[in-house]
Each structure stands twice: as C-alpha cells, then as structure tokens.
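Asks: Fold the stuff below for me.
(2 chains)
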Amino acid sequence: MTGVDLVVEPGERVLLTGASGAGKSTLLAALAGILDAEGAEVAGELTVDGGDPRAARGRLGLLAQDPDSQLVMTRAGDDVAFGLENAGLPAADIWPRVDEALAAVGFPHGRDRPTQALSGGEKQRLVLAGVLARRPGLLLLDEPTAQLDPPGAALVRAAVARVTADRSATTIVVDHDAGPWLPLVDRVVEVVPGGLVEHGPDWHPAARTAGLRLPPAVDGPVLLTAEAAGFTYRGSATPALPATTAVLRSGRTLAVTGPNGAGKSTLALLLAGLRAPTTGRIAAARDLAAGVRREHREPHRWRAGELVSRIGTVFQHPEQQFLTGRLRDELALGPLRSGEHATAARATAEELLERLGLTAFADANPYTLSGGQQRRLSVATALATAPQVLVLDEPTFGQDAATWRELVTLLAEQRSRGCAIAVVTHDADLVEVLADDRLPLAMTTGERASQRVPASEERNEPGAEPWAL
Amino acid sequence: MGAVTSLALGPTAGTRLGRINPVAQLGAIGVVTLVLLTSLDVVTPAVVVAAELCLLPAAGLSSPWDLWRRTWPLLLGASSVGLVNVLLSADAGVITGVGLGLRVVGLALPGVLLVATTDPVRLADALTLHWRMSTRFAFGALAALRLVPLLIGEFESVRLARRARGVEAGRNPVARARLLGGIVFALLVSAVRRGSRLATAMDARGFDSGIPRSNARGSRLHRRDAAFVAGTVAVCVAAVTSSVLTGAWHPVFVG
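Replies: Numbering: from 1, shown residues only, chains lettered A, B, ... in the order given. Below is the predicted model of the structure:
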C-alpha cells in the first residue's frame, strides 16, 4: 500500500472494502498496532487518538475471521471475562459486565455453555461480546462473517448493528463483500490500486453476476449415483448423513445446499470416493469406472491413482490439499500420479498456469499465495487430470467478486466439456447461475432424494419444497 | 491418532471428584507418584491401584465404554511394560512383570482421573492462585489446549485430501511413514498459523500487557481438599505397611 490518507472521526462507522490483496487487512493491522514491521517498508504517519496505535492498544477491540482461533476459555462466560481479568478488574465488577455484553450481542445461551458446543455464528458473537466487554473506543472488524453460513453471518451483522447504534465506539469494518454492511455504516471507503476512493451514500457494489455469460449445460449420461447412501461416525447415535439419493450426470451441475450440520460435506466425501458409506452405496457408471482394475467396486475402494483421474475433489480449505513446494509441481502431481508421462504432465501444468494467470508464480510456494490465488490453484489441481466428475466443497467461500467470476466461468467450462459437477455451497448466487439440479439437505432424519428441478420452475414456487421428504 | 483422541476427551461436568480442588488432586498425585516410584514389589502398587479404582464412580467413569475410551492407551502401555520385562529379563518372573504393569497403571490412572473430572480453566485458576504459577504460562497453555481437538479434526481432512490428490501409501510401510510425516508437517504448519492468530486475538484483549491479572472465578480450598490429600497419604501408608508385613517390600534405593 502506498499514499493512503484517511481520517475517521470518533463514533463514525466506516466500511473499508476492495478486492482481495488490495491491502485492506494490512491497513487494519496497522491500525490495531499488530502490523509486523519485518519485511515491510513503513512510510508516513498513522495515529489512533493522536498517538502511536501500539500505545492505544488497550482502547482497541479486534474481531477477526476465524472464531476458533479467538476463543480462549472452555465456557462462554469465562471467555467474555478473560479480557476483563487481563485488565485487572475486581471479580465483583466482572460478572455484571459479562452479562451485559452477552445480552448486547444477543447470545442465546447461559454463561456456563461450553464454547465447543456453539455454532460458528454463536462463537463469533461470543468473541464480539468478549471484545465489547472491555468497552473499546475503536472497534475493528476484519471480515467477521467470512467463515460463517448466511444465517450465522446475518446474526453477527445484527449484533454489530445493535452494539454500534449508540456511537460509543468508532467502528471500522473490513470486508470485500460490501453489500450486506451498507445499512450499518456511515461511510464506505474502497481500497483501489494506488489509493482510496470514498463512495457516496447511494453507492452499491456491482452485482458479481452482472454480465456473466457462461457456456450452457449439456445433458449427458449418469456417471455417479448415491443410492440411499448415509454415514454414521463410529460411536455416534445420530447419522452425520441420513440415507440420501443423488445423481450426477455428465454435463450438469448438482448443487447440494442446506444448513450447517445437515451432512453436505459428508455427502461430498462419499461422492468423491474418500469415505465409505455406512448405509447404501455409491455406484459409478461403466463410463466412469472404465480402466479401473476392479471396476465393479465402489469408488472408495479404488486406488488413489485411479481415483484422481476420474473424480477430482476440491476441499473447503485449499491449504489442506497442497503437497509440494512449487505451483508447477503442484499442478503436475495429479497427472503423474495417474500414470501420465512426465513431459505431458509438465505441459498440462504450464497450460493451467497460463489459463489461471499464475505463470509469474510458477516457482512460488503454494502457501505464499493470497487466499483467492490458493483457491484457484486448488481447483486447477483437481482439473489437471481432466476428471469426469468434480466434487467441490464451498469453492466460493470468502472470495471477492473477481475470483468468484473466474471460478464460476472455470466450472461452467468444465461442465460444457461433459464433466459432472457436484458443488456443496451456501452461495445463493452460485446456485442461481450454475445449478442444473438441486439437492437441499435438511436437519431431519429419514430418506431423501434429489429431484431434477429446472432453476426457473423452482423460483416460481417460493416455499414449496417437494423434494424434502 | 486414536491415542491422542483418547487423551483429548474433555472433562465430565458435575462429578464428585471434580469438586476436589485441582491443586489438592495434584498434591495427591505427587504423593502416589513418590511411593510408586520408590517401590519395586507387587503388593504396594496393587493396593494403590485398588484404591484408585474405588474412585472411578466418583469420577463419573462407571460405564465400561467410558472407562475403555479413556484408558485403553494406558492399559496397552502397562501390559506391554509387564510383558517386555517378563520376556526379556532373565531374572524377572511373572510376579515382577505384573508388579511393573500395575505400577504403570497406578502412576497414570490419577492423571486420567484428573483429566476426566477437571475443567482445565479451574486447573489454571488453581495453579495461578494457590501455587503462584505465571498467568502467562497457565493461560497460554490453556489456550493451546483448546486447539488440540481442532487439530484432530484437521488430521482427517488432510489425510483424505492426500488420497484425493492421488497420494496413497498402500501396504508399503516406508511409504506409509513418509505419508504420515507429510501429514504431520502440514498439521504443524496449520497449528503454527492458528497459534499465531490466537496469540494476536489474546493480545488484542489485553493478555500479558503488564497489568496484574485478576481472576473472576477464584479458587477456594475447602476442608474436603485437605481430607482428600490426607486420605491419599493414608492409602499409601496402608500399601507400604501391607507390603512390609507380607514380606514383599523392596524399595528402589536398597538395590
């Protein structure tokens, strides 16, 4: 970042938006006094309350993305009290402030609630309560809803709206997804290459689906079927996924939706041949299984080298699937494992690097890429073996508009070449533009089946859910 | 990984043993450890283990499945210690082997009981308030402990992600070891990242900022805590006495 000028008055609520990698988080870290000056050139002046941010740290409150790496204690009340104990407050003054903060964020449980038993949205509201209990003068929110499902994100935003309404604290929100925050803030500042742009009160971000032209779906044969497949963890009484039927067809996209805990990711693992269903079965059509040594077996019993060239999987967290130290090797790995020749594997890797605009990083370590670049790379590693089936878990989670459009285009291209796609997602826009079939999972038990409902018909029937048996 | 899962099982709330202050439990563990480490016979550990088993219902471990879940790595360790000594040592008989196995159980079971009954936050409170342990260390360790179950979940994801990328060890033990090494490294990277984010969050909430820390919960010692330690001493005295009376007593330092 260079040449940034911004003055925020006390009590103002400011949204700082902009594409991934524009420097939003860097600016926020500088404000919070946690910017790591090593390996960075710092120029100019930055003051909080007219002084060094590091000196004003006791007056700052910070809410970051990942709730799990912000909670300290094992029970909700103790966690809110943590920040007050650190300030040396006498015990008698702590508990009233804990209760006040929990009420302010609309925390639905008592103080004794184990933090492990909370949902993501509840955890994030608990962290917010812990921050508020210290009565900060400046509240910094760094993409606080990026890792939550839509209902959880809405609850966190409602809590932020409630606690900032009295203007007792100056609030700065950083988020690339500006839309949902607009009703909550007084000013919108966008970080663009070269500086900052302040937007007027009527500004709205362009819809990420605007002007998107995707190659159409092509109807092909059935490749993979979940036949009343379910999964129950050993020692658990309730199934992680009740018996579910799903059909993947060549050239079509199946969107698996539903609340957290409905078993969406579990279904993805079954379809991907990574876990064995505990009830029912996963059946691969002959087209897909051709060439597998024992082709009548279910995909979870295929050898990894056979699986990787037939079913590609993209996990929710890209960094969990990186295996090598260079992008080039990362992309060549799948083809090599499926028995392709080294020259051909290298050529595939170069082509994908070019296609994703990552050629400049060919020798970089995957871990050093930005979040959006890592996401594109993880999708590309799955595409490198040209699998006939693609299974993706939340591929658009936390991605900015540019990366989102690129991913959607990439997936639509795969679909039009005859790839069958299963995508687990909370992203309504993604379902809207890409889904040909839908499978909404609910938190109920019993058998479920997917129905092929054309997207247009479904939207004409609000509230009707014929597929939820 | 199963062994780690077994050790990471959290405490059961509301047990009778859980009402004993954690420092009293640690004191009792110290007494038992001292006695067991200095005795080499079979009678002393047998009496101590019998007394420890009597505490299981008070720790909420009455169902065999709960007990097995928490103790199987310990039982495996104890039986292998006993077996190795019987098989490999020329002058060790079956009795010695059983004695050594019982010693391992007697030493480790109190730790299992502590973990099964005590909220780690109460342990940190008690250690910082009664034994003046540094709050930085106690609450830092507490925060790190919270990350263990997250890492266990992540281990599974990383393992599955490797299969999805076409990497699998099959039956080759060398390839298996290399694959496990890779997974452990990936987890280490992730743990370091998560740990530094957690440190930032704790920092932002004023942790270790130089202000003396207060404690909202407090930690009180009651008469029952003294009675618990006294009871432990009594059991150990009874164990040594019966050992001497039966002629089995064989302390370490007499050779």
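
Asks: most centrally placed residue in the chain?
Replies: All of this refers to chain A. Centroid check for chain A by C-alpha atoms, centre = their mean gives residue A:397 as the closest residue, at 2.5 Å.

Asks: not quite, I wanted chain B
Replies: Nearest to the geometric centre of chain B sits residue B:111, at 3.9 Å (C-alpha atoms, centre = their mean).

Asks: Which strand or helix spans that one?
Replies: Under the criterion of DSSP states H and E, residue B:111 resides in helix B:94-117.

Asks: and the gap between residue B:37 and residue B:30?
Replies: Using C-beta to C-beta, to the nearest Å, residue B:37 is found at 11 Å from residue B:30. For the C-beta atoms, the positions are set from N, CA and C on the backbone; glycine is no exception.

Asks: Check residue A:413 too.
Replies: Where residue B:30 is concerned, residue A:413 sits at a distance of 67 Å (C-beta to C-beta).

Asks: For residue A:365, list the residues it contacts.
Replies: Residue A:365 makes contact with A:325-326, according to C-beta atoms under 8 Å, 6 or more residues apart in numbering or on different chains.

Asks: Next, the angle from the helix or strand hosting residue B:30 to helix B:94-117.
Replies: Residue B:30 belongs to helix B:22-38 when elements are defined using DSSP H and E. Angle between the axes of helix B:22-38 and helix B:94-117 is 170 degrees (criterion: axes from the mean of the first three to the mean of the last three C-alpha atoms, to 10 degrees).

Asks: which residues does the residue lying closest to residue A:274 once chain neighbours are set aside contact?
Replies: Spatial nearest neighbour of residue A:274, chain neighbours left out: residue B:160 (4.5 Å); criterion: C-beta to C-beta, 6 or more residues apart in numbering or on different chains. Contact partners of residue B:160, counting by C-beta under 8 Å, 6+ apart, are A:269, A:274-275, A:315.

Asks: Per-residue confidence, residue B:160, what does it come out as?
Replies: Here, the pLDDT recorded for residue B:160 equals 91.

Asks: Three-state assignment for it, please.
Replies: Three-state call for residue B:160 (DSSP: H, G, I helix; E, B strand; the rest coil): helix.

Asks: and the next helix or strand after the helix holding residue B:111, what other elements does it pack with?
Replies: Later in the chain than helix B:94-117, the nearest helix or strand by DSSP H and E is helix B:120-130. Applying 3 or more C-beta pairs under 8 Å, 6 or more residues apart in numbering or on different chains; DSSP states H and E, one finds that helix B:120-130 contacts helix B:22-38, helix B:135-164.

Asks: Please determine whether the shortest one lies in contact with chain A.
Replies: No. Where contact is defined by C-beta under 8 Å from any C-beta of the partner chain, no part of helix B:22-38 touches chain A; the two come within 13.7 Å at best.

Asks: Against which helices or strands is that helix packed?
Replies: Counting contacts by 3+ C-beta pairs under 8 Å, 6+ apart, helix B:22-38 is packed against helix B:43-54, helix B:94-117, helix B:120-130, helix B:223-245.

Asks: which stretches of the stretch 201-350 of chain A form strands?
Replies: A:222-231, A:241-249, A:253-257, A:279-284, A:311-314 (DSSP state E, counting those that start in this stretch).

Asks: Give the buried residues for the first one.
Replies: The neighbour-count check on strand A:222-231 (16 or more other C-beta atoms under 10 Å in any protein chain shown) flags A:222-226, A:229-231 as buried.

Asks: Could you list the residues in contact with stretch A:294-305?
Replies: So stretch A:294-305 is in contact with A:224, A:270, A:272-276, A:281-284, A:286, A:289, A:292-293, A:307, A:310-311, A:337-339, B:162-168, B:170, going by C-beta under 8 Å, 6+ apart.

Asks: Can you flag the buried ones in these?
Replies: Buried among those (16+ other C-beta under 10 Å): A:224, A:270, A:272-275, A:282-284, A:289, A:292, A:307, A:310-311, A:337-338, B:162-168.

Asks: Kindly provide the distance from the residue nearest to the centre of chain A to residue A:20.
Replies: Going from residue A:397 to residue A:20 by C-beta to C-beta gives 12 Å.
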